[in-house]
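Undergrad: Any chance you could fold what I've pasted below:
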Amino acid sequence: MRALRTAVVLVLALALPAAVLVAVLQASLEVYNRGDNATALQVSPEVYKRGADATALGKLRALAEQGDVDAQLRLGIMYTKGTGVPQDFAEAANWYRLAAEKGDADAQFRLGIVYAKGTGVPQDFAEAANWYRLAAEQGDADAQLRLGIMYHFDIGVTQSYAEAAAWYRLAAEQGDAGAQSRLGIMYTKGTGVPQNVVLAHMWLNLAVVGFPPGEDRKLAVGNRDDIEKRMTPEQLAGAQRLAREWKPK
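TA: Numbers count the residues shown, from 1 in each chain. Predicted coordinates:
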């Protein structure tokens, strides 16, 4: 599982509230660092050296043009980051699309990010949701989280709190702290799921452990501590036991 936790503020000039857009595009810049350097090195180490060898890049491109999905994905990453090639978001989107259409979940997720941000393609939240869904259905936790956010906030899909909770749960069960935090809040409020303070505390507690130090963790701590004030000692003990026994799927 590729962890992605830190929020990046990306406010676009749209009618949607800024906070909602930030939530949907949370960490959409860092997402291109999902182990990119390590995995790309497996394909062509020379490409990542200063003054990349043109022959190595040519070999990688030849593989991509022959339909090699991994090479297509790596070229997309390189064009996104401007590593070994001039940065070109449109070219990146083209290579992601080729790999995504062959069923590569990572490429599908990245293409969803491209459409959500409107980099190299016209911004289209509905199209972003379509690509997120394809990746999410293959078990990509990052895509599951973002699809949940889109259902939660009525962006690119018809709003459905139940759908949002279902996608959050799939990502949360894989250990995604962002999804765990959101699912905990939904149990706190009874939004999309029956209200349940024990499960709310459990998921928020797991999020606190999963988040690195920062604002996301502080928010999860605050939400967990707020709901703790409403719990009986028996409920709190039960929630803490569930958190201790929880294991990612």
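Undergrad: Relative to residue 158, how far out is the residue nearest the centre of the chain?
TA: Here the mean C-alpha position of the chain is nearest to the C-alpha of residue 142 (Cα atoms, centre = their mean), at a distance of 2.7 Å. As judged by Cβ to Cβ, to the nearest Å, residue 142 and residue 158 stand 22 Å apart. Just so you know, the C-beta spots here come from the backbone N, C-alpha and C atoms, and that holds for glycine as well.
Undergrad: for the chain, what helix or strand is lowest in average pLDDT?
TA: Least confident helix or strand, the chain: helix 36-43 with a mean of 42, by mean pLDDT, DSSP states H and E.
Undergrad: would you list every one of the helices in this protein?
TA: Taking DSSP state H as the criterion, the chain carries its helices at 18-24, 36-43, 54-65, 69-81, 89-101, 105-117, 125-137, 141-153, 161-172, 177-189, 197-210, 215-228, 233-245.
Undergrad: for the last one, packing partners?
TA: Other elements packing on helix 233-245 under the criterion 3 or more Cβ pairs under 8 Å, 6 or more residues apart in numbering; DSSP states H and E are helix 197-210.
Undergrad: Lowest average pLDDT across the helices of the chain?
TA: Mean pLDDT is lowest for helix 36-43 among the helices of the chain, at a mean of 42.
Undergrad: which residue sits closest to residue 127 in space, ignoring its chain neighbours?
TA: Nearest residue to residue 127 in three dimensions, chain neighbours excluded: residue 115, at 4.4 Å (Cβ to Cβ, 6 or more residues apart in numbering).
Undergrad: now do residue 86
TA: residue 79 (8.0 Å).
Undergrad: Could you do residue 110 as well?
TA: Per Cβ to Cβ, 6+ apart, closest to residue 110 is residue 96, 5.0 Å.
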